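Asks: Have a look; sequence and predicted model below, questions after that.
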Amino acid sequence: MKNIKFLILALILAVSTSGCKDFFDVNDPTNVVSDKDLSLELMLPSAEYYTATLQFDKAYSIGQLQQHIASYFDHGIDQHYESSIGSAWSLYYTKALFELKKMSDLADQKDAKHYKGVINILKALTLGMTTDIYGDMPYYQASIGSENLQPDVDSQQELYNEIQSLLDTAINQLNATDNSGLDAIKGDGIYNGDLDKWKRLAYTLKARYAMHLTKRNGAVAAATEALGYLQHGFTSNADDFQLLYNEKQKNPWHTSVVLASNTGNISVLFSEQLVNYMNSSIYPTATYDPRIYDYIDNGGAATFDGAQNGNEGKTATGSDANTEFNPNSYYFKQDSPIVLVSYAEALFLKAEAEFLAAGGTTTSTGAPQATYDAYKAGIEANMNKIGIDSALRDAYLTDPAIDMGMANLKLKDIMVQKYIALLLNPEVFTDMRRYDFSTDVYPGLELPANQNPDLNGHWWRTAIYPVSELSKNPKLNAFVHTVDQPVWWDQ
């Protein structure tokens, strides 16, 4: 019942707090909560809901670029045509950031340090999710309404400094004594007010964003920094930052893809890139990765025939793909969670960081024991999370293609397993850009069929700004870029 109550509150607040008096010169409707009646307890569910929705909105498009899924349609993001992923832009500025700013102001008024810590973590997470799509973007002057309708554009370098600053501040606020009377976090539909879990999330996010800078700061330096944060990060699957849905407010993958497919309105299928990592094609395991049966519904066929990206629902040989979303999957049932940050991700971050800190490269072989242990633990954590049978799990973990020993471990083994475990999580696309879509790291990776010819074989790397925003805020025009232009940390 707690989750049902949480989501109902989220939707009420989604309506009641997203409006702005600057837009209407009328009296407040009777069913709208006025500013004086707002409480942090009521607003937090809405902020968490917007954060999870932002993740889904981004993942639907980015999942096609990282080739977890492939589109049925022509001339779309699947084939690297221009896209602003405009729904994510709008959701961030008009919902997530707007709500968090109102919460932040209210928390300051009440000196509610613990709430402010939670707010700052959500601000850091949503900012990171958005700048990783667009690069430079308005932030400091954004969402202040009529005070500034044309905010300055901040550099991604500044925004990355802000992400780490927000997380540091949040940790200090959560550790501080809170005498506001609001020291107990209520309305928290994810961690139920557990401050230790919020702190572990903050440290795990610090590690995530430190690892994003392997090009900028150098692989060894970024990895060493991340390892320091991970010592205080997630410790089990119980720490996973995820929003649960229910039979009233259904998981958006279920409503947007599973239910649509059931009525013949198929939009995306699982890509051959993901399938080939799981069906022994590229990794010669004795049996299929058991997660393939959770992720994918192939209609009971003998094989899983993934869709080639850019080929409108066809395989590379031109036959119909059969890899629809499994309606009974851990991820795609009506009450499945949207997983934003997981223990499995933390373990793969540790495995990669240990590998790089020890001098490993995209082509080197062999790694420290700590790398190997984290790599194996990441697979196990993900399989345990989604409920893979223990016998199938153990058979996979001891398969020679997976259990190759630390002397034979390569970076590709870590990153491919992270690719499988972080299903439809846009963090995978960040990893792929950091390694320049290298086939040493992602074996078998190819550009989509029928790729946008204007890109001349370059990979899609960043979203363009929405046209509507360019007309409203001329300051953005100086930062216009093409979709193959790297963001700051990718250079």
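Replies: Good, I have the coordinates.
Asks: gap between residue 265 and residue 312?
Replies: In this view, residue 265 and residue 312 are 15 Å apart by CB to CB, to the nearest Å. Heads up, the C-betas are built off the backbone N, CA and C, glycines and all.
Asks: Those two: which has the busier surroundings?
Replies: Of the pair residue 265 and residue 312, residue 312 is the one with more neighbours under other CB atoms under 10 Å, namely 18 against 11.
Asks: Secondary structure of residue 92: a helix, I assume?
Replies: Yes. Residue assignment for residue 92, taken from DSSP: H, G, I helix; E, B strand; the rest coil, places it within a helix.
Asks: now the residue nearest to it when sequence neighbours are not counted, what's its secondary structure?
Replies: Sequence neighbours aside, residue 130 is the residue nearest to residue 92 in space, at 4.6 Å (criterion: CB to CB, 6 or more residues apart in numbering). With three-state DSSP as the basis, residue 130 sits in helix.
Asks: going on from the strand or helix carrying residue 353, what's the next piece of helix or strand?
Replies: Following DSSP states H and E, one finds residue 353 within helix 343-357. Using DSSP H and E, the helix or strand that follows helix 343-357 towards the C-terminus is helix 369-386.
Asks: for that following helix, packing partners?
Replies: Other helices and strands packing on helix 369-386, by 3 or more CB pairs under 8 Å, 6 or more residues apart in numbering; DSSP states H and E, are helix 291-295, helix 343-357, helix 390-397, helix 411-421.
Asks: Save those helices as JSON lines, and put in mean neighbour count and mean pLDDT too.
Replies: Listed next are those as JSON lines, based on neighbours: other CB atoms under 10 Å; pLDDT from 0 to 100:
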{"stretch": "helix 291-295", "mean neighbour count": "20", "mean pLDDT": "98"}
{"stretch": "helix 343-357", "mean neighbour count": "27", "mean pLDDT": "99"}
{"stretch": "helix 390-397", "mean neighbour count": "15", "mean pLDDT": "98"}
{"stretch": "helix 411-421", "mean neighbour count": "23", "mean pLDDT": "98"}
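Asks: got CSV for those helices, with distance to residue 199 too?
Replies: Shown next, in CSV, are the helices and strands packed on helix 369-386 (distance: least, CB to CB, whole Å):
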stretch, distance to residue 199
helix 291-295, 30
helix 343-357, 14
helix 390-397, 30
helix 411-421, 24
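Asks: what domains does the record give for the protein?
Replies: 2-14+38-193+452-485, 217-242+342-445, 252-325 (automatic domain parsing).
Asks: Among those domains, which comes closest to residue 211?
Replies: domain 217-242+342-445 (4.9 Å; CB to CB).
Asks: Distance from that closest one to the middle of the chain?
Replies: Distance of domain 217-242+342-445 from the chain centroid (CA atoms, centre = their mean, to the nearest Å) equals 16 Å.
Asks: Could you number the chain from 25 rather than 1 from now on?
Replies: Happy to do that; since the first residue is 25 now, the last one works out to domain 241-266+366-469.
Asks: how big is the angle separating the helix holding residue 377 from helix 435-445?
Replies: 170 degrees (axes from the mean of the first three to the mean of the last three CA atoms, to 10 degrees).
Asks: buried residues in the longest helix along the chain?
Replies: Counting by DSSP state H, the longest helix found in the chain is helix 64-89. Buried residues in helix 64-89, counting neighbours by 16 or more other CB atoms under 10 Å, are found at 64, 66-89.
Asks: Does anything pack onto the strand or helix carrying residue 143? Which helices or strands?
Replies: Counting by DSSP H and E, the element that carries residue 143 is helix 137-158. Judged by 3+ CB pairs under 8 Å, 6+ apart, the packing partners of helix 137-158 are helix 64-89, helix 110-115, helix 121-134, helix 180-199, helix 219-235.
Asks: Give me the next element, helix or strand, following the longest one.
Replies: Tracing the chain past helix 64-89, the next element assigned as helix or strand by DSSP H and E is strand 93-95.
Asks: tell me what that following strand is packed against?
Replies: Strand 93-95 packs on helix 64-89, strand 292-294, going by 3+ CB pairs under 8 Å, 6+ apart.
Asks: now for these, which one comes closest to residue 366?
Replies: helix 64-89 (12.0 Å).
Asks: what angle sits between that closest one and helix 121-134?
Replies: Relative orientation of helix 64-89 versus helix 121-134 (the same axes, to 10 degrees): 150 degrees.
Asks: Specify the angle between helix 64-89 and helix 137-158 in degrees.
Replies: 20 degrees.
Asks: and helix 64-89, how far from the chain's centre?
Replies: Taking mean C-alpha positions (CA atoms, centre = their mean), helix 64-89 and its chain are 9 Å apart.
Asks: Likewise for stretch 161-170?
Replies: 23 Å.
Asks: Next, the buried residues of that stretch.
Replies: Buried residues in stretch 161-170, counted by 16+ other CB under 10 Å: 161, 162, 163, 166, 167.
Asks: right, and the last one touches residue 117 too?
Replies: Yes. Under the criterion of CB atoms under 8 Å, residue 167 makes contact with residue 117 at 6.3 Å.
Asks: Next one: the closest residue in space to residue 425 that isn't next to it in sequence relative to residue 406, how far apart?
Replies: If the residues on either side of it in the chain are set aside, residue 425 comes closest to residue 309, at 4.6 Å by CB to CB, 6+ apart. According to CB to CB, residue 309 and residue 406 sit 16 Å apart.
Asks: who's more crowded, the two?
Replies: Shown here are residue 309 and residue 406; by other CB under 10 Å, residue 406 has more neighbours (26 against 16).
Asks: The more buried one: what's it in contact with?
Replies: Neighbouring residues of residue 406 by CB atoms under 8 Å, 6 or more residues apart in numbering: 315, 366, 368, 444, 445.
Asks: Just give me the neighbour total for the second one.
Replies: Residue crowding around residue 366 was assessed by other CB under 10 Å; the count is 24.
Asks: which one is it nearest to, not counting chain neighbours?
Replies: Using CB to CB, 6+ apart, the nearest residue to residue 366 is residue 264, at 4.7 Å.
Asks: dump the residue contacts of the one you found.
Replies: Contacts of residue 264 (CB under 8 Å, 6+ apart): 258, 363, 365, 366, 367, 409.
Asks: from these, which is closest to residue 172?
Replies: For those, the nearest to residue 172 is residue 365 (31.8 Å; CB to CB).
Asks: I figured that closest one was touching residue 230, is that so?
Replies: No. Using CB under 8 Å, residue 365 makes no contact with residue 230, being 11.4 Å away.
Asks: Starting from residue 63, give me the distance back to residue 204.
Replies: Here the distance between residue 204 and residue 63 works out to 12 Å (CB to CB).
Asks: actually residue 92, sorry about that
Replies: 39 Å.
Asks: neighbour-wise, which of these two wins?
Replies: Comparing residue 92 with residue 63 by other CB under 10 Å, the one with more neighbours is residue 92, at 26 against 14.
Asks: Isn't the more buried one up against residue 452?
Replies: Yes. Counting by CB under 8 Å, residue 92 does reach residue 452; the two are 7.1 Å apart.
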